[in-house]
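# 3D, please:
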Amino acid sequence: MSDEAELKRLRWRCRRGMRELDQLMLRYLDQAWTQDSDAQRGVFLKLLDGEDDKLWRWFMGYDVPEDGQIAALVERIRQLPP
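The predicted structure follows:
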C-alpha cells in the first residue's frame, strides 16, 4: 500500500464521531505519524482499536490506559500543539 493510500485509510479510522477525539487523532497523524518508528506506529494502530468511550476518558485525563505504551502515546498526543 502506498503511503498516501495508507494515510487516507488511517484518516478514515481516526474519525470517531466525537469532534474532540477526531481532532486529537488527526493531530497525531498530521504531526507525528511520518516521523515515528514502526513500533510507535504500531502503538497508534492499537490505540485506534480502542473503544471511543475509553479513548475519551484517557484523552480527557479521567482514566489512564493499563498498557504503558498506549498511556505514553495518549499523553504525547495530548501535548501536541493544536
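
# what's the residue nearest in space to the middle of the chain in contact with, if anything?
Closest residue to the average C-alpha location of the chain: M25 at 4.2 Å, with C-alpha atoms, centre = their mean. Taking C-beta atoms under 8 Å, 6 or more residues apart in numbering as the contact definition, M25 lies against 14, 16, 48, 77. In short, each C-beta sits where N, CA and C put it, glycine included.

# and these, which of them are in helices?
Among the contacts of M25, the ones falling in helices (DSSP state H) are 14, 48, 77.

# okay, now the first one: neighbour count?
When you say that, I think you mean C14. Burial of C14 is recorded as 19 neighbouring residues (other C-beta atoms under 10 Å).

# ok, now the second one?
Each residue near L48 was counted by other C-beta under 10 Å, and the total is 14.

# low pLDDT regions in this protein?
Judged by pLDDT under 70, the chain has its weakly predicted residues at 1.

# in the protein, which spans are helices?
With helices called from DSSP H, the chain shows them at 3-14, 19-31, 38-48, 52-59, 68-79.

# what sits up against the third one?
Helix 38-48 is contacted by residues 10, 13-14, 25, 28, 32-33, 36, 55, 67, 69-70, 73-74 when judged by C-beta under 8 Å, 6+ apart.

# the shortest one now?
Applying C-beta under 8 Å, 6+ apart, the contact partners of helix 52-59 are 16-18, 20-21, 24, 47, 50, 63-65, 70-71, 74, 77-78.

# out of those residues, which end up buried?
Buried by 16 or more other C-beta atoms under 10 Å: 16, 21, 24, 47, 50, 65, 70, 74, 77, out of those.

# residues touching the nearest residue to P65 once chain neighbours are set aside, list them.
Counting by C-beta to C-beta, 6 or more residues apart in numbering, A71 is the residue found nearest to P65 once chain neighbours are left out, at 4.5 Å. Contact partners of A71, counting by C-beta under 8 Å, 6+ apart, are 58, 64-65.

# ok, A71 to I77 distance?
Applying C-beta to C-beta, to the nearest Å, the value for A71 to I77 is 11 Å.

# what of L45?
Look at L45 and I77: by C-beta to C-beta, they are 14 Å apart.
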